[in-house]
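Colleague: return atomic coordinates for the entry below.
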Amino acid sequence: MWNDHQSLNFLANILLTGVLLATIYAVGTRVMALPFFSLKEIRVENMDKNPAGTTGLAYITRDHVEQVIRNSANGNFIMIDLKKLENTFMELPWVRSVKILREWPPALHILLEEHKPFAYWGESALINTKGEIFHAIMDNMRLPVFAGPDNSSQLIAQQYRYFNKLLQPTGQTATEIVLTPRHAWHVRLNTGTWLKLGREKVEQRLKRYVAVRTQYGENLDQYENSAYIDLRYANGFAVRIP
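Modeller: I've put the predicted structure just below:
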């Protein structure tokens, strides 16, 4: 082997390459550890402007952000694992999505999208404006209540908007919607009245109620607070009074 110049040159090149890579790694590690690459700033913004036109956050606090940074932002500007940091932010109850960017001079720009609460989902969760279920704590905020089978939250949110549009002539609004396992619709109004719409011809039945309510409202007012109105009849409806 020692007389094989080709093999010796090949071995020498391998050794030289190894030494160079080790040197580059050592130097690079020292360079990246310099104060020049220390994180100087963390900027946090909401992806969406709120109604006031600003980009502040409504539910995610500074303490939440600082805790995530403290637990997951390990290393300097170059070494921080952005994917890991994004995954940790996604664990916060109010975070719907997150994007983190490196910006120079050494800073992290954190863009957060918050869940916008739209309704309660039963007694244990919330629904955002996109009809998605999430789990967070709400302090006595007045929101409609939805309940239904799994994977029905978006459908119920859509129907809630449509039902309220149809109810506008009556001055009433839906405050609770239940979609039963058999896909029958029950709607509670802000007056306390429950409307039983059933599974078929739901739009037609609700329009019939609106027409009668706008024409004979005074006659129905005495029952509205506790009535249960069954609209599943072909040409009318029944009012059940407790």
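
Colleague: my read is that M138 contacts H115, right?
Modeller: No: here M138 does not reach H115: they are 10.7 Å apart, not a contact under CB atoms under 8 Å. Any C-beta I mention is one placed from the backbone N, CA and C, and that applies to glycine too.

Colleague: shared neighbours of the two, anything?
Modeller: L126 (CB atoms under 8 Å, 6 or more residues apart in numbering).

Colleague: which one's more surrounded, these two?
Modeller: For M138 and H115, the more surrounded residue by other CB atoms under 10 Å is H115, and the numbers stand at 23 against 11.

Colleague: that one against W94, yeah?
Modeller: Yes: taking contacts as CB under 8 Å, H115 lies within contact range of W94: 5.5 Å.

Colleague: list residues touching both of those two?
Modeller: Jointly contacting H115 and W94 under the rule CB under 8 Å, 6+ apart are Y59, F134, A136.

Colleague: for the second one, give me its contacts.
Modeller: F134 makes contacts with P93, W94, R96, H115, A125, L126, I127, N128, as judged by CB under 8 Å, 6+ apart.

Colleague: check the last one too.
Modeller: Residues touching A136, when contacts are defined by CB under 8 Å, 6+ apart, comprise Y59, P93, W94, H115, P117, L126.

Colleague: buried among those residues? Make that a PyMOL selection.
Modeller: Here is the PyMOL command that selects the buried residues among the contacts of A136 (16 or more other CB atoms under 10 Å):
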select buried, resi 59+94+115+117+126
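
Colleague: ok, A184 - how many residues close by?
Modeller: Other residues lying near A184 total 15 when counted by other CB under 10 Å.

Colleague: how many neighbouring residues does the residue nearest to it when sequence neighbours are not counted have?
Modeller: Sequence neighbours aside, R199 is the residue nearest to A184 in space, at 4.8 Å (criterion: CB to CB, 6 or more residues apart in numbering). R199 is flanked by 12 other residues according to other CB under 10 Å.

Colleague: quick check, R199 in contact with L179.
Modeller: No: if you go by CB under 8 Å, R199 and L179 don't touch, sitting 9.7 Å apart.

Colleague: show me whatever sits in contact with both of the two.
Modeller: Contacts common to R199 and L179, judged by CB under 8 Å, 6+ apart, are W185.

Colleague: tell me where the chain has helices.
Modeller: Using DSSP state H, the helices of the chain run over 5-32, 62-72, 82-89, 153-167, 202-215, 217-224.

Colleague: lowest-confidence stretch among the ones you listed?
Modeller: Lowest mean pLDDT within the helices of the chain: helix 5-32, at a mean of 51.

Colleague: tell me the contacts of L189?
Modeller: Counted by CB under 8 Å, 6+ apart, L189 has contacts L167, Q172, T173, A174, T175, L195, E224.

Colleague: what's the farthest-apart pair in those residues?
Modeller: The span of those, defined through CB to CB, is set by A174 and E224 at 14.1 Å.

Colleague: and those two? which has more neighbours close in?
Modeller: A174 (22 against 17).

Colleague: just confirm that one contacts L166, I think it does.
Modeller: No: counting by CB under 8 Å, A174 stays clear of L166, with 9.6 Å between them.
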